[in-house]
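>>> Here is a sequence with its predicted model. Questions after.
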Amino acid sequence: MRVEFQPAVEQYVADALRQSQPDLQRLQFSGKTSAMSSLNDDLIRAIELALADDWDAAHNIVQQHEGDSTAAWIHAVLHKIEGEDANSRYWYRRADRMARVADKPREELVAIRDALFNLKRRDTEV
């Protein structure tokens, strides 16, 4: 069963979810599922490209979603891979993930991908 919320309530719930489950930061509501699913698919694709060492293609995808905190997090990891520490830290701040700065890039990408897959699986079960 899906429940529709007013935008202010939706934002409050999404913020609460981010605080309680920082790596699973999206809560999908009726009417937004396909757009968020498309975003998640794009981000999963960016991670797969990064893991296959196609940094430029991965970077192009996350740049299209600069307003999204998960995209910013992936963006941070990409710049960490390139050794661009200052730029990486900028994106970690934008993603509110400074605690992850010292993580190993490949492990971090796998963790983000797994979280996105879990969200996708949860959405298909509803």
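It's in. Numbering: from 1, shown residues only.
>>> Can you tell me what sits against stretch 71-83?
Here stretch 71-83 makes contact (Cβ atoms under 8 Å, 6 or more residues apart in numbering) with 39, 43, 46-47, 50, 55, 58-59, 62-66, 85, 87-92, 94-95, 97, 100-101, 105, 108-109, 112. Glycine gets a C-beta too; all of them are placed from N, C-alpha and C.
>>> Quick check: which element contains residue 119?
Following DSSP states H and E, one finds residue 119 within helix 105-125.
>>> which helices and strands does that helix pack with?
Contacts of helix 105-125 with other secondary structure elements, assessed using 3 or more Cβ pairs under 8 Å, 6 or more residues apart in numbering; DSSP states H and E, are made with helix 33-51, helix 69-81.
>>> Which strands and helices lie in contact with the longest one?
Using 3+ Cβ pairs under 8 Å, 6+ apart as the contact test, the elements touching helix 33-51 are helix 55-63, helix 69-81, helix 105-125.
>>> okay if I get those helices as JSON lines plus mean pLDDT?
Conversion of the helices and strands packed on helix 33-51 to JSON lines gives the following (pLDDT from 0 to 100):
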{"stretch": "helix 55-63", "mean pLDDT": "96"}
{"stretch": "helix 69-81", "mean pLDDT": "97"}
{"stretch": "helix 105-125", "mean pLDDT": "88"}
